[in-house]
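>>> here you go, sequence then predicted model.
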Amino acid sequence: MKGDKNTIIGFVLMGILFIGFFYYNNKQQSEYLQQQQHIKDSIAKVELANKPVIDSATLVSDSLTADSVARSATAGDFVNNALGTETITSIENEVIKVDLSNKGGQVKSVTLKKYNNSLFNKPVVLGGEKNSIEYAINTAPNQAAQTGNLYFTASPVEKKADGSQLVTYTLNSPNGTKVLHQFVLRPDDYMVDWNISMNGADKLLTQNTINLNWTTELHQQELNSKYEGDQSRINYYSAEEGYDFKRTGNSGSVTLKDPMEWVGFKQQFFSQHLLSKSANFATGSTLEMKRIQDTTTRQLFESKANLSLKIPAASIATIPLQLYYGPNDYKVLKQYDNGMFETVDLGSGIYSFVRPINRYIIIPVFDFFAKFIANYGWVIMLLTIVIRLITSPFMFKSYLSSAKMRVLRPELDELKKKYPEQQKFAMEQMNLFRQAGVNPMGGCLPALIQLPIFVALYSFFNSAIQLRGEPFLWAKDLSTYDVLFRFPFHVPLLGDHLSLFTLLACATMMVSSIYSMSLTPTTGMEDNPQMKMMKYMPYIMPVMMLFIFNNQPAALSWYYTVSNVITFLIQFVILTFIIDHDKILAKINEKRKQPKKKSRWQEQMEAMQAQQRKMEEMKKKAQK
């Protein structure tokens, strides 16, 4: 025992010694490392003091020299075009101004004259410093250069008799090969024709393929950068072997599985498209959108496309392309007849079924009223009235069904007293409804009818560029949320603000729902958990709507405010002045006298209830 005790004491003392040793050793190592670092820092200071000073201008000059040497080395027969000074040539019409650069012979940026950036109240500019569309050409045996690194010779702007403007950029080599980039802008048009011509295409291109590399910036144009980013998409389209339009999410990449006529990068209200008028962009081409949060430059995305085009094997080749820089306006895009109107999201994915509603009902009615009324807020109100009038026959059937339920309420109360057992009461209630010719599900039809309209209008108001920048009442812009006041912090799901139009929509929904619920008989359903929950729906739904709609366009909240008010008024008028409850009761009594034929559904329900009663009776007997 004593030996065990001494052993334990020995281990404890050894542990203390080890701990002390490691502590002392680490301390010594730390001091040694600090001394060594001090020596290194001193040496570095001496070396820095003796190092010759090179100013930033020299560094930039050396960098440019190295870049120039590298470009000259790859320019081959086009060495005379390897160095130069970038100059900008502008062509413009009534709607856009296109800045063209001799470096690469390409579009630098495009200014949209009719639209202002919501942040700075300056014209919207698409493209930018990183905007580039280039491709590789063979400049000499085993040498290639990107056209974006070569300086083209620009012709003066040429104005045609039809009002169009033309600029030609040229690359010439001593051996006779030539590259021409011709840009044509027509009056009142957002589309720019870009025709690439080559003399010696069989030498300039490898395997008769031109590989276009398109890089462009997508900058913030709207007040809500997050919502604008969420609405951004990659789009591409082909009409071969039927209609084929596709869109992706707002970030990531996609590889084309089929040849495509055009590709594009879409923002909430503006987009950039590259179109091929001859051969389609080949399978295997890639598109990419990378989301960027740059608060300084307001850049939202860096977008890239690597596109391959196969051209006929010949010495002389022409490659007709087009560039679209403009608004996502359904009417503007529709006129090009190439599927670009699908860029305007009027219903996509599982909600594609609402596109016809938007195209053939919502848009025509909206445009009709817009011809006569300047303020779009009142146009939306008239659109709402038209929609409510169209759906009013279904609403009348719903309210008529509700009125029938109301006149049967006394009988339902009596049945509840007579049959306190829920299952027996449910069967007798069904018999009463069948005899009276009442469909208890009749009130669900209007909700089902309005669901497609709800989805259609949600898509329409999020895509309608006509509403952009349009004020109404206290809202400065119907295409985005209005602000009653801002919070000093971010509220999850709600955001940093509170919208007055959303509050009105929620309040009117609550009033309309409470009134509707007060007219719905609940006799016999008090013990039903679903009905208990339904009592709270008039309060739950408006609260949910507040969180859903607070960041949505003010136009959408205004529509639902008007719609809720009209629904309440129609409901009140129909139930108060049109529907005669005494006549309804008389018709119900007449209906009872007629012979009834049970439907298969009623027969199945009654059989199931009878089976359940038998099982309960057997349980009671077994318990006894």
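Structure received.

>>> tell me how many other residues crowd the nearest residue to V386 once chain neighbours are set aside.
Spatial nearest neighbour of V386, chain neighbours left out: V365 (5.6 Å); criterion: Cβ to Cβ, 6 or more residues apart in numbering. For glycine as for every other residue, the C-beta is placed from the backbone atoms N, C-alpha and C. Residues lying near V365 (other Cβ atoms under 10 Å) number 16.

>>> please parse the protein into its domains.
Domains of the chain are assigned by automatic domain parsing as 78-343, 358-605.

>>> how about the ones you listed, which one is nearest A622?
domain 358-605 (18.7 Å; Cβ to Cβ).

>>> contacting residues for I453?
Shown in contact with I453 (Cβ atoms under 8 Å, 6 or more residues apart in numbering): I357, I387, T391.

>>> I'd like the next helix or strand past the one helix or strand the first one maps to.
Using DSSP states H and E, I357 maps to helix 355-357. Next along the chain after helix 355-357, taking DSSP H and E as the criterion, comes helix 363-370.

>>> which residues sit against that following helix?
Y330, K331, Y376, V379, I380, L382, L383, V386, F460, A464, Q466.

>>> for the residues you listed, could you give me TSV that also reports neighbour count, pLDDT and distance to G163?
As requested, the contacts of helix 363-370 are arranged in TSV below (neighbours: other Cβ atoms under 10 Å; pLDDT from 0 to 100; distance: Cβ to Cβ, whole Å):
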residue	neighbour count	pLDDT	distance to G163
Y330	22	93	25
K331	13	92	21
Y376	22	94	32
V379	25	95	33
I380	26	94	37
L382	17	94	38
L383	23	94	37
V386	15	90	40
F460	27	92	34
A464	28	91	30
Q466	20	92	26
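
>>> between the residues you listed, which sits nearest K113?
Q466 (16.8 Å).

>>> contacting residues for the closest one?
Neighbours of Q466 in contact, by Cβ under 8 Å, 6+ apart: D329, F366, A370, Y376.

>>> on the pLDDT front, check the residue nearest to the first one when sequence neighbours are not counted for me.
Which is D329. Nearest non-adjacent residue to D329, counting by Cβ to Cβ, 6+ apart: I465, 5.2 Å away. Listed pLDDT for I465 reads 93.

>>> just the one 5 residues further on next, same as before
According to the per-residue confidence, E470 scores 91 in pLDDT.

>>> and if you look at H497?
The model's pLDDT for H497 equals 85.

>>> give the burial count for it, as a bare number.
Residues contacting H497 under the criterion other Cβ under 10 Å number 18.

>>> same thing with D337?
9.

>>> what's the burial count for L546?
Neighbour tally, L546, other Cβ under 10 Å: 19.

>>> picking that back up, identify the farthest-apart pair in the contacts of Q466.
For the contacts of Q466, the farthest-apart pair by Cβ to Cβ is D329 and Y376; their separation is 14.3 Å.

>>> okay, and for the stretch 51-200 of the chain, where does confidence drop off?
The model of the stretch 51-200 of the chain has pLDDT under 70 over residues 51-73.

>>> what are the ranges of the strands in it?
Assigned by DSSP state E, counting those that start in this stretch, the strands in the stretch 51-200 of the chain fall at 88-92, 96-101, 106-116, 123-127, 132-140, 143-146, 153-154, 158-159, 165-172, 178-185, 191-199.

>>> what's the closest of these to Y559?
Of all the strands of the stretch 51-200 of the chain, strand 106-116 sits nearest to Y559, with 23.6 Å by Cβ to Cβ.

>>> where exactly do the strands run in the stretch 451-600 of the chain?
Using DSSP E, counting those that start in this stretch, strands in the stretch 451-600 of the chain cover 485-491, 495-498.

>>> would TSV of those strands with distance to D477 be doable?
Shown next, in TSV, are the strands of the stretch 451-600 of the chain (distance: least, Cβ to Cβ, whole Å):
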stretch	distance to D477
strand 485-491	16
strand 495-498	13
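
>>> if you compare those, which one is most tucked away?
Most buried of the strands of the stretch 451-600 of the chain by mean neighbour count (mean count of other Cβ atoms under 10 Å) is strand 495-498; its value is a mean of 17.

>>> what packs against that one?
Packing contacts for strand 495-498, counted by 3 or more Cβ pairs under 8 Å, 6 or more residues apart in numbering; DSSP states H and E, involve strand 485-491.

>>> sheet partners, orientation included, of the strand it packs on?
Sheet pairing of strand 485-491 (DSSP bridges) gives strand 495-498 (antiparallel).

>>> tell me where the stretch 151-300 of the chain has helices.
Listed in chain order, the helices of the stretch 151-300 of the chain (DSSP state H, counting those that start in this stretch) span 201-204, 225-230.

>>> tell me the most buried of those helices?
Most buried of the helices of the stretch 151-300 of the chain, by mean neighbour count (mean count of other Cβ under 10 Å): helix 201-204, with a mean of 20.

>>> name the residues that touch that one?
For helix 201-204, the surrounding residues in contact (Cβ under 8 Å, 6+ apart) are I137, N138, T177, V179, M198, N208, I311, A313, A314, S315, I316, A317.

>>> sorry, back to before: ranking the domains of the chain by mean pLDDT, which is last?
Among the domains of the chain, domain 358-605 scores lowest, at a mean of 77.

>>> returning to what we had before: can I get the strands of the stretch 51-200 of the chain in JSON lines with mean neighbour count and distance to E617?
Listed next are these as JSON lines, based on neighbours: other Cβ atoms under 10 Å; distance: least, Cβ to Cβ, whole Å:
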{"stretch": "strand 88-92", "mean neighbour count": "15", "distance to E617": "89"}
{"stretch": "strand 96-101", "mean neighbour count": "21", "distance to E617": "82"}
{"stretch": "strand 106-116", "mean neighbour count": "19", "distance to E617": "76"}
{"stretch": "strand 123-127", "mean neighbour count": "20", "distance to E617": "77"}
{"stretch": "strand 132-140", "mean neighbour count": "21", "distance to E617": "82"}
{"stretch": "strand 143-146", "mean neighbour count": "17", "distance to E617": "88"}
{"stretch": "strand 153-154", "mean neighbour count": "16", "distance to E617": "97"}
{"stretch": "strand 158-159", "mean neighbour count": "12", "distance to E617": "97"}
{"stretch": "strand 165-172", "mean neighbour count": "20", "distance to E617": "92"}
{"stretch": "strand 178-185", "mean neighbour count": "21", "distance to E617": "87"}
{"stretch": "strand 191-199", "mean neighbour count": "19", "distance to E617": "79"}
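
>>> those: which one's closest to A426?
strand 106-116 (60.8 Å).
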